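# Okay, here's the prediction I keep looking at, along with the sequence it came from:
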Amino acid sequence: MIHQSAPHDSSLGHVTGESIFVDDRPEMRGEVHVGIVGTPCAAGVLIRVDAEKALAHPDCLAVYTQEDFHGKHWGTIVHDQPFLVIDRIGYKDEACALIVSKSRESVEEIKKLVSVVVEKAKPITTISEAKAARSIIFHAPTPFAQGDAEGELARAPHRLTGVFQVQGQEHFYMESQAAIAYPQDHGLIEVHSSSQHPSETQRVIAEALGIPLNQVVCVVKRMGGGFGGKESQAAPIAGYAALVAHKLKRPARLVLTKDQDMQLTGKRHPFENHWEVGFDHEGRILALKATLQSDGGAYADLSASILERAMFHLDSAYYLPNVWIDGICFRTNHHPHTAFRGFGGPQGSMTIECILEDIARTLKLDPLKVRMINLYQADRLKTPYGQMLENNLLPEIFKKLSQSSDYQARRQKIDEFNRTSKSKLRGMSLAATKFGIAFTARFLNQGNALVNLHLDATVQASTGATEMGQGVNTKIAQVIAHALGLSMESVKVMATSTEKNHNTSPTAASSGADINCAAALRATNLIKARLTSLFKRKLAGEIKANLEEYEITEGELDESVLFKNGEVIYGDKRIPLKDLIGLAYMNRISLGAYAHFKTENLGFCKQTIQGRAFNYYTQGLAISEVEIDRYTGDMKLLRTDMLMDLGRPLNPAIDRGQVMGAFVQGMGWVTTESLFYNDERALVSHSPTTYKIPNIQDIPREIKLEFIENHDNSVNVHRSKAVGEPPFLLGISAWTAVKNALAYENLGSGLKSPATGEEILRELTGEF
Amino acid sequence: MRNFIDVSINGVRQKIQGIDAFRTLSDFLRYEQGATGTKVVCAEGDCGACTVLTKSGTEENFKSINSCIAFMWQLDGQEVVTVEGLKKNDELHPAQLAMIQCQGTQCGYCTPGFICSMAQLAQDSKNENVVIDSKRAKNYLTGNLCRCTGYDSIIEASTKMDLTSLPDLNSAIVFDSASVELEFDRQKIYLPQTLSEARTYLREVPKIVSGATDLGVLHNKGRWSPQVMMSLKNIPELAHITRSATHITIGATATLEQCSRELESDFPEFSRLLRIFASPQIKNSATLVGNMMNASPIADSIPFLKSADARIHLLSPTGERVVDINEFFLEGYKKMDLKPQEIVTHISLPLNGLSFKLYKVSKRKDLDISAVTLAIGFEKKGDQLLRFQLSLGGVAASVLRLKTLESQMLNRALAEKDFIHLFNEIDPLITPQSDVRGSSDYRRLLVRNLLLKFFHEVEGAL
């Protein structure tokens, strides 16, 4: 069952429309609809919320402000974000009041009747403005340093400096933020939320309402996409619904429109990274100094961890013998930027890919050659934070993919094409991924699972993992089915709920399957051990049936007892699993198990910048070729080749879907997805009409993906590797290919991301 | 005259009236019928999550539309099939089967919309006896966004649908064909069956609709107030595109999809532009006349229509008239020579041997609003241009036809510098804005470069 392509466990429901998402839940008697009123400006002070007119609307039941909250602030790392604006306004469209309506149709109408009186101030809109104002959220306590960056820079035969600028990115999960809160008896609140982090949602609600954690249950059946956007920022949405349910004792539904979701919630962090590199005649990096600067938006959210991960991933696949990396996150008047697939890693790694393109252009070398010479290999395996690369497949990946993609022959064709074409310009380049797997906050690397085996030999299992399309529930079911020798149909992974799994970590950092499959396997093995011991004792004839009980509490696993195809087999003896389960039940032996798992051997010291920050790395490479219209800057992706190391994939088809989806999402980030704010710092591109995620015509005309064989990842469940975020970085190859195309004209040093048609034309012509 | 809508949803015939007739189809399905398979994401027809299939009682085939911007009153005499209606006798539709087998679904939120678009792809491919390759699949799925899969598995699923086992979705209902008048609260709509009947309502109707793809967006985004409307959609005579020796006439309710298909041989370049213009779902609903009458400076069809010297056929309670489009559109934002109580019934395009080059630049190639559009109608002989008709969109308050600058390009050998000179004369006439679609400088440069691109593309022949 494991390492096979079982269909996604929700696919039948998805294709028939029967899968239930939050807003698909039927309306309950007395249910009310909640709307969020936003601030009219990005900075200043809230004077008052005037709700009189709204309350006069026949459908309006209540208007709530910050005064109605018991706890005033929330925040994953720092409690700095008010549920509703208290006085200082952080960003445009920030939530400052809640309206409650009897009907869904009146919500927008009532919102317009609330008048928000403010005193405007001048917002901080850019990293440089924030820098000038010393508006800082977080400054890394210790720079990552190795060797003598300063000295080697001075001695290097070649030096380049630059600023790499990359915009944020809207998650554009298809299902916008949504929650419904149901008041239960004795003040308990049950919330159904589209959240990647039910435990935090539970905590945030408890704080908002001033009730203990055991009075809150958060249930997550599934999300219509998350991508990090529902890691922290789903919680206040659920908090708003819960507050209304708590106050009015009526079910309360809050479902954002796509426009409001995009205006209200934070995005991937924009970065502005300053760098200085020294290198030799072959393009070998001798020293690198970089200061990573992110725009954190108005509140801390997860910005500190995201900045750290950017610092951790500045090296990407390349060895930096002498290096100094600093990081600062600035506070601006934007929505609080948050987790998004890659979590800073892409902004770090893209910087080194940008630098490598600039080195190649300066030395007139092929970008592949410059990468090969800088690759982690042989005795060059130490990262800027002291962790050594183990089981490193990067050299093999680069070699294999450059061969299978026919790189050299295509390079010659591109050279020739660019010499002759008047109207088009082509380019080809690469982007690697060497993504560190583990939460860098060590305490998050834990999970728990509950596995219940029923009398008909079917299983209901629950973990802290949340299903957002990535197939984590399918993988968990596979692991359990494999362990018990059952079919996939016999194992059902249930909705995530804080009453079944406690103190769970967010389904994030690509670790959902790693942690929760491991916990589920551990729980399954507890049951399996009892059944194994029971079977062996029965075979040994230790007691006569019906006289007394078999008494087994712990049991013991024995690899020679096989659980296969619904049977339990020991030597030439076999028993249907169902019969063994029945026997266990009659003998009062537990058929359910709970287990806890933590990732071993993690320990990174933030003061000394030494230690094991990651459990292992997921690695891969992409090569992309693009064609640019010299007149308009329009860009087309002609071909992309990808090679990923996913260890022994738990489900090759699901993992393939993850890689393809991540690549296209990454490609969108660096090409067409441009966030546009007006002078008032209102997000103008707040719907798909103006914010262009890739559509089906935008993917490369030719796209190839293979997995490299790797059986050595013994530190993870069934020797698999995490897949969620790492391939997102492969999308960067679309941007490096544009940069390479521009290099044919000796241009492109200032290319920003995203490389929209306008950006490309600007670099190409230098005219505006 | 009826005061209800006669519609079939997944084979069940329903009479809809009162407020329900004025709801969007997706709201009606989700909140009134509990059919929550249909999802709404953008509520503006741009993501396709809400896609369903419809056909009028008289049509052979189903076509995909965006249910989030379709009003129930538009569905009079129509059969609607949603994702819930594709399964027949407990058998999955081949699109559903293929999506499961190819892992074409991840989070599942976009899936019902994709399934419906794929069902149309399957139906059309079977009817036309065409094998589905990835290019064909992409063309049918351009109007559906997915954020999870990267589309690869969906394309694969589309090419692997078993076309031999397509269910018959047709319910064979014979709908009532009377005219309809609906009223609820401050909203009222007439659905006449003939043009002469429509004419009698003109005095009291301020708003004419047919595809309503723009109205639906305004409605969903709170930028629309209820009013009295008339839909021309049920008038068969306005739905046709006809061809004579001298011109092609396009009826007011002819959809963009119809135009793309039926103008292919006479105006291949316009037909090509329409392919990247909007999603199949929008093109199945929206009309060419509607796009034109929106009168936006970035309406993609207007530069072509102006360069083609299209003629506008107008009808009022007191008479009819035909106007040259270049006189119909006046200077200034959305200014037209449209008299009160006057409606457009047709557009005609002269068949006069002009060739066209139409350029559209946008952030994303497909389904994006343009930053700049350029339409050139031309006739060349040897190395010279005999005719040259130039229109520009996206650079002023209205689409510009630059008649006064055209003649200098005629009857002489041309070089790149002549087009730069032409641009230098255009430059002071345009006032491009900086906005979400591009900066003013970028747009200005695009105008110059598109002129040069035109020269480059026809140079070989000049």
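The structure has been received and is ready for your questions.
# For the rest of this, base every contact and every neighbour count on C-alpha atoms.
OK.
# does the residue nearest the centre of chain A count as helix, strand or coil?
By CA atoms, centre = their mean, chain A has its centre lying nearest to A:Arg341, at 3.2 Å. Under DSSP: H, G, I helix; E, B strand; the rest coil, the three-state class of A:Arg341 is coil.
# What are the contacting residues of the helix ranked longest in chain B?
Longest helix of chain B, by residue count under DSSP state H: helix B:440-459. Under the criterion CA atoms under 8 Å, 6 or more residues apart in numbering or on different chains, residues A:423, A:631-632, A:758, A:761-762, A:768, B:357, B:359, B:371-372, B:374, B:394-395, B:416, B:419-420, B:423, B:427, B:431-434 lie in contact with helix B:440-459.
# taking the residues you listed one by one, which sit in strands?
Under the assignment DSSP state E, those contribute B:Lys357, B:Tyr359, B:Val372, B:Leu374 to strands.
# Just the pLDDT for the last one.
At B:Leu374, the predicted lDDT confidence score is 97.
# what does A:Lys544 give?
60.
# Would you list the phi and psi of A:His33?
Backbone torsions of A:His33, given as degrees, to the nearest 10, read phi -110, psi 130.
# and it, how far is that from chain B?
Going from A:His33 to chain B by CA to the nearest CA, to the nearest Å gives 13 Å.
# Pretty sure that residue sits against A:Leu98.
No. In this structure, A:His33 is not within contact of A:Leu98 by CA atoms under 8 Å, at 10.1 Å.
# after the strand or helix carrying A:Thr433 comes which helix or strand?
Assigned by DSSP states H and E, A:Thr433 belongs to strand A:424-437. Downstream of strand A:424-437, the next assigned helix or strand under DSSP H and E is strand A:446-453.
# who does the helix or strand just after that next one pair up with?
Next in sequence after strand A:446-453, counting helices and strands by DSSP H and E, comes strand A:459-463. Strand A:459-463 has its sheet partners listed here by DSSP bridges as strand A:446-453 (antiparallel), strand A:491-493 (parallel).
# Please indicate which of those has the most neighbours on average?
When you average the neighbours per residue for each of the strands paired with strand A:459-463 (mean count of other CA atoms under 10 Å in any protein chain shown), strand A:446-453 leads with a mean of 25.
# now that strand: how far from the chain's centre is it?
Here the centre of strand A:446-453 is set off from its chain's centre by 23 Å, with CA atoms, centre = their mean, to the nearest Å.
# What about A:Leu363, how many residues nearby?
15 (other CA atoms under 10 Å in any protein chain shown).
# For it, give me phi and psi.
phi -90, psi 0.
# Quick check: it touching A:Asp280?
No. A:Leu363 is beyond contact range of A:Asp280, at 9.5 Å (criterion: CA under 8 Å).
# how about the spatially closest residue to B:Lys207 that is not a sequence neighbour, secondary structure?
Nearest residue to B:Lys207, sequence neighbours excluded (CA to CA, 6 or more residues apart in numbering or on different chains): B:Met229, at 4.7 Å. Secondary structure, three-state DSSP: B:Met229 is strand.
# contacting residues for B:Met229?
B:Lys188, B:Ile189, B:Tyr190, B:Val205, B:Pro206, B:Lys207, B:Ile208, B:Val209.
# Mind checking which of these land in helices?
Counting by DSSP H, the contacts of B:Met229 contribute nothing to helices.
# roughly how far out does stretch A:548-567 sit from the chain middle?
Taking mean C-alpha positions (CA atoms, centre = their mean), stretch A:548-567 and its chain are 39 Å apart.
# typo on my end, stretch A:408-416
Mean-position distance between stretch A:408-416 and its chain equals 37 Å (CA atoms, centre = their mean).
# next one: stretch A:600-615
21 Å.
# How about stretch B:63-80?
Centre-to-centre, stretch B:63-80 and its host chain are 15 Å apart (CA atoms, centre = their mean).
# again, but for stretch A:490-500
Mean-position distance between stretch A:490-500 and its chain equals 22 Å (CA atoms, centre = their mean).
# Going by secondary structure, the closest residue to chain A within the stretch 51-200 of chain B is in what exactly?
Here the residue of the stretch 51-200 of chain B nearest chain A is B:Cys107; by CA to the nearest CA that distance is 3.4 Å. Counting by DSSP H and E, no helix or strand carries B:Cys107.
# Just give the number of residues close to it.
B:Cys107: 28 neighbours (other CA under 10 Å).
# Flag every buried residue along stretch A:435-449.
A:Phe435, A:Gly436, A:Ile437, A:Ala438, A:Phe439, A:Thr440, A:Leu444, A:Asn445, A:Gln446, A:Gly447, A:Asn448, A:Ala449 (16 or more other CA atoms under 10 Å in any protein chain shown).
# Which neighbouring elements make contact with the longest helix anywhere in chain A?
Ranked by residue count and defined by DSSP H, the top helix of chain A is helix A:512-539. Counting contacts by 3 or more CA pairs under 8 Å, 6 or more residues apart in numbering or on different chains; DSSP states H and E, helix A:512-539 is packed against strand A:446-453, strand A:459-463, helix A:472-484, helix A:577-586, strand A:592-598.
# Any chance of CSV for the ones you listed, columns distance to A:Gln403 and mean pLDDT?
Shown next, in CSV, are the helices and strands packed on helix A:512-539 (distance: least, CA to CA, whole Å; pLDDT from 0 to 100):
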stretch, distance to A:Gln403, mean pLDDT
strand A:446-453, 40, 98
strand A:459-463, 42, 98
helix A:472-484, 33, 98
helix A:577-586, 50, 97
strand A:592-598, 40, 98
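# Columns distance to A:Leu356 on top of these, output as JSON lines?
As requested, these are exported to JSON lines (distance: least, CA to CA, whole Å):
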{"stretch": "strand A:446-453", "distance to A:Leu356": "37"}
{"stretch": "strand A:459-463", "distance to A:Leu356": "43"}
{"stretch": "helix A:472-484", "distance to A:Leu356": "36"}
{"stretch": "helix A:577-586", "distance to A:Leu356": "58"}
{"stretch": "strand A:592-598", "distance to A:Leu356": "38"}
